[in-house]
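>>> need coordinates for the below:
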Amino acid sequence: MPTAVTLHLLAALVWVGGMFFAHQILRPAALGLEPPERLPLWTRVFARFFPWVWGAIIILPVTGYWMTFMYFGGFANAAIYIHVMHLLGLIMIGIYLYVFFGPYAKFKQAVANKDFPAGANHLASIRKLVGTNLTLGIITIIDAVAGAYWLS
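From the prediction side, this is the model:
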């Protein structure tokens, strides 16, 4: 159990913390750059961050199911906050997959073609979806830490 909890926590910290940094710190700082500088910067940022997210979206369900079935004896025995965490995690993974295969793929192509207006539009879509996932991630972390007290 300690290994699963540690891996689960680290994966959540990397993903949600990375989204917080990108959305709340890097994005406002990068707004001072012109699109020909700003958009390639985001291409490099995503290229470095998204492999970490892929790791997180593998580690989180594996360790989550590991703990659910080994510690709680399955979903039938798990408290409601575990079900809430599970649902929010699946929604977050779905949003990430949509971002990666939709707006992000189009964003990379637009930047490669130096079509900065299109790239900026795709980046705006990514920003909104990352903002949604960040909010869900914070709610999920609150649920994970305090859900046993609120939802038992």
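>>> return the residues in contact with residue 97.
Residue 97 is in contact with residue 57, counting by Cβ atoms under 8 Å, 6 or more residues apart in numbering. Just so you know, the C-beta spots here come from the backbone N, C-alpha and C atoms, and that holds for glycine as well.
>>> and it, how far is that from residue 33?
As judged by Cβ to Cβ, to the nearest Å, residue 97 and residue 33 stand 29 Å apart.
>>> likewise residue 7?
Distance from residue 7 to residue 33, by Cβ to Cβ: 36 Å.
>>> which one's more surrounded, those two?
More neighbours surround residue 7 than the other of residue 7 and residue 33, with 17 against 13 (other Cβ atoms under 10 Å).
>>> so who does the more buried one touch?
By Cβ under 8 Å, 6+ apart, the residues touching residue 7 are 59, 63.
>>> next, residue 33: secondary structure please.
Classification of residue 33 by DSSP: H, G, I helix; E, B strand; the rest coil places it in coil.
>>> what about the residue nearest to it when sequence neighbours are not counted, distance to residue 146?
Here the nearest residue to residue 33 in space, its sequence neighbours aside, is residue 41; by Cβ to Cβ, 6 or more residues apart in numbering that works out to 6.7 Å. According to Cβ to Cβ, residue 41 stands 36 Å off from residue 146.
>>> which of those two has more neighbours?
Higher neighbour count among residue 41 and residue 146: residue 41, with 14 against 11, using other Cβ under 10 Å.
>>> state the helix or strand in which that one lies.
Element membership of residue 41, judged by DSSP states H and E, is helix 35-70.
>>> what comes up buried for that helix?
For helix 35-70, a neighbour-count test (16 or more other Cβ atoms under 10 Å) marks 38-40, 42-43, 45-46, 49, 53, 56-57, 59-61, 63-64, 66-68 as buried.
>>> let me see the ranges of the helices in this structure.
Using DSSP state H, the helices of the chain run over residues 2-20, 27-30, 35-70, 80-99, 105-112, 116-150.
>>> now tabulate those in TSV and tack on mean pLDDT.
Written out in TSV, the entries for those read as follows (pLDDT from 0 to 100):
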stretch	mean pLDDT
helix 2-20	95
helix 27-30	95
helix 35-70	96
helix 80-99	96
helix 105-112	98
helix 116-150	95
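>>> OK, contacts around residue 68?
74, 75, 78, 82, 86.
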